[in-house]
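In: next come a sequence and a model predicted from it.
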Number of protein chains: 2
Amino acid sequence: MTDSPPARPPLPSPRYFDDFAEGQVFAFGRIEVTEAEMLDFARRYDPQAIHLDKKAAAAGPFGGLILSGWHTAALMMRLFAEQVLDDASSLGSPGIDELRWLKPVRPGDTLSLRVTVEEARRSRSRPDRGMVRNYVEVLNQHGETVMSLKPMNLMRCRPPPA
Amino acid sequence: MTDSPPARPPLPSPRYFDDFAEGQVFAFGRIEVTEAEMLDFARRYDPQAIHLDKKAAAAGPFGGLILSGWHTAALMMRLFAEQVLDDASSLGSPGIDELRWLKPVRPGDTLSLRVTVEEARRSRSRPDRGMVRNYVEVLNQHGETVMSLKPMNLMRCRPPPA
């Protein structure tokens, strides 16, 4: 088991494009997955036996119930939205590359994030903003990477002092 | 506005790897997005002002509240899990490539799917299964693609007759 990462990354508040630099690594967060939440998400959005039916899941490829990969993604987003993005600067995301589900996530697991800034590029045509490309890993309580993805985020630059 | 796609793709039940062939296109489904569900998802998983705060969102980059992109993905998965995958054959997904959020989704929009089978490749090492790579487009009620992605799905082959 790895040391527990800190609750928050060392980012200022409010945060802008200028606060992200290539090569930075932030490890933070702590979110516990409950069985009730797993079942609620699966009933709404991913009603497969592997996420909902204990008996069928026990006989299935993962030997028990596992979270929907989209539920793991949503929990990742909870931490990312609260602690990396900021309403002061977030202009949305054009998308995600190379999303991988690497290991099953089960009820009782505790998830945290490791975010590596791969690219921070200011827009030439609109210099009040820039695109940040991160490599995001979702880790479980054993330090194993259960999911990874490369999201793009468009962010405003810090406004000049008035 | 395009014609409404049929509720279900023309796939047998149960479905196996053998039922997917490169070049097939399935257009189907109909799922309406409500404001209450948008707010509930955003509070749980993506608590940004753009998804939660009407006044702030109106002054923001999209001129009003829009769904979390992960909520659109979860609604896509609802249709995909129910109508493309099958508990008889689904062995999970290693991941997604090239997920793109192309246009905002707003409460009141109605979403459907268009699924194109890009590759269906039987496993050499384990010939009881194969990998299907689809190109999935999420369309709104105007026939516009609001999101696209390339998921991989591992599926069992149809068992030989007993």
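Out: On my side now, so go ahead. Numbers count the residues shown, from 1 in each chain, chains lettered A, B, ... in the order given.

In: can you give me the helices for chain A?
Out: In chain A, the segments counted as helices under DSSP state H are A:35-45, A:49-52, A:54-58, A:69-83.

In: the second one near chain B at all?
Out: Yes - contact between helix A:49-52 and chain B, assessed by Cβ under 8 Å from any Cβ of the partner chain, occurs at A:49-50. Bear in mind the C-beta positions are built from the backbone N, C-alpha and C, glycine included.

In: quick check: residues of chain A near chain B?
Out: Near chain B, when you scan chain A using Cβ under 8 Å from any Cβ, you find A:41, A:44-50, A:56, A:61-62, A:68-70, A:73-75, A:77-78, A:81-82, A:85, A:87, A:90-101.

In: now restrict these to buried residues only.
Out: Of the members of the residues of chain A next to chain B, the ones counted as buried by neighbours, 16 or more other Cβ atoms under 10 Å in any protein chain shown, are A:41, A:44-50, A:68-70, A:73-75, A:77-78, A:81, A:85, A:87, A:90-93, A:95-96, A:99-101.

In: for A:Val33, phi and psi?
Out: Phi and psi for A:Val33, reported as degrees, to the nearest 10, are phi -100, psi 120.

In: hang on, isn't it packed against A:Val105?
Out: Yes - using Cβ atoms under 8 Å, A:Val33 is in contact with A:Val105, at 6.3 Å.

In: who touches both of these two?
Out: Residues touching both A:Val33 and A:Val105 (Cβ atoms under 8 Å, 6 or more residues apart in numbering or on different chains): A:67, A:111.

In: on that earlier part again, and the helices of chain A as TSV, adding distance to A:Ala120?
Out: Listed next are the helices of chain A as TSV, based on distance: least, Cβ to Cβ, whole Å:
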stretch	distance to A:Ala120
helix A:35-45	32
helix A:49-52	36
helix A:54-58	42
helix A:69-83	16
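
In: any chance of the ones you listed in TSV, plus mean pLDDT?
Out: Formatted as TSV, those follow (pLDDT from 0 to 100):
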stretch	mean pLDDT
helix A:35-45	98
helix A:49-52	96
helix A:54-58	95
helix A:69-83	97
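
In: for those helices, which one sits closest to A:Gln24?
Out: Closest approach to A:Gln24 among the helices of chain A is made by helix A:69-83 (13.6 Å; Cβ to Cβ).

In: now the closest one, how far from the centre of its chain.
Out: From the chain centre to the centre of helix A:69-83 is a distance of 4 Å (Cα atoms, centre = their mean, to the nearest Å).

In: what helices and strands are in contact with it?
Out: strand A:25-32, helix A:35-45, strand A:95-101, strand A:110-122, strand A:129-139, strand A:145-156, helix B:35-45, helix B:69-83 (3 or more Cβ pairs under 8 Å, 6 or more residues apart in numbering or on different chains; DSSP states H and E).

In: again, only this time at 6 Å
Out: Applying 3 or more Cβ pairs under 6 Å, 6 or more residues apart in numbering or on different chains; DSSP states H and E, we find helix A:69-83 packed against strand A:25-32, helix B:35-45, helix B:69-83.

In: residues touching the second one, excluding its own?
Out: The reference is to helix B:35-45. Residues from elsewhere that reach helix B:35-45 (Cβ atoms under 6 Å, 6 or more residues apart in numbering or on different chains): A:74, A:77-78, B:51-52, B:67-68, B:71, B:107.

In: how far away from the center of its chain is it?
Out: 18 Å.

In: list the buried residues for that helix?
Out: Neighbour-count burial for helix B:35-45 flags B:38, B:41-42, B:44-45 (criterion: 16+ other Cβ under 10 Å).

In: let me know how buried A:Val33 is, in neighbour terms.
Out: For A:Val33, the count of nearby residues is 19 (other Cβ atoms under 10 Å in any protein chain shown).

In: got it, and A:Pro159?
Out: Neighbourhood size, A:Pro159 [other Cβ under 10 Å]: 11.

In: what pLDDT does it get?
Out: pLDDT, A:Pro159: 93.

In: again, but for A:Ala162
Out: You'll see A:Ala162 listed with a pLDDT of 81.

In: where does chain A have low pLDDT?
Out: Scanning chain A for pLDDT under 70 picks out A:1-3.

In: 50 - rerun?
Out: Of all residues in chain A, none has pLDDT under 50.

In: so who does the residue nearest to the spatial centre of it touch?
Out: In chain A, the residue lying closest to the centroid (Cα atoms, centre = their mean) is A:Met76, at 2.9 Å. Contacts for A:Met76 were tallied using Cβ under 6 Å, 6+ apart; they are A:Val138.

In: fine by me, we can end here.
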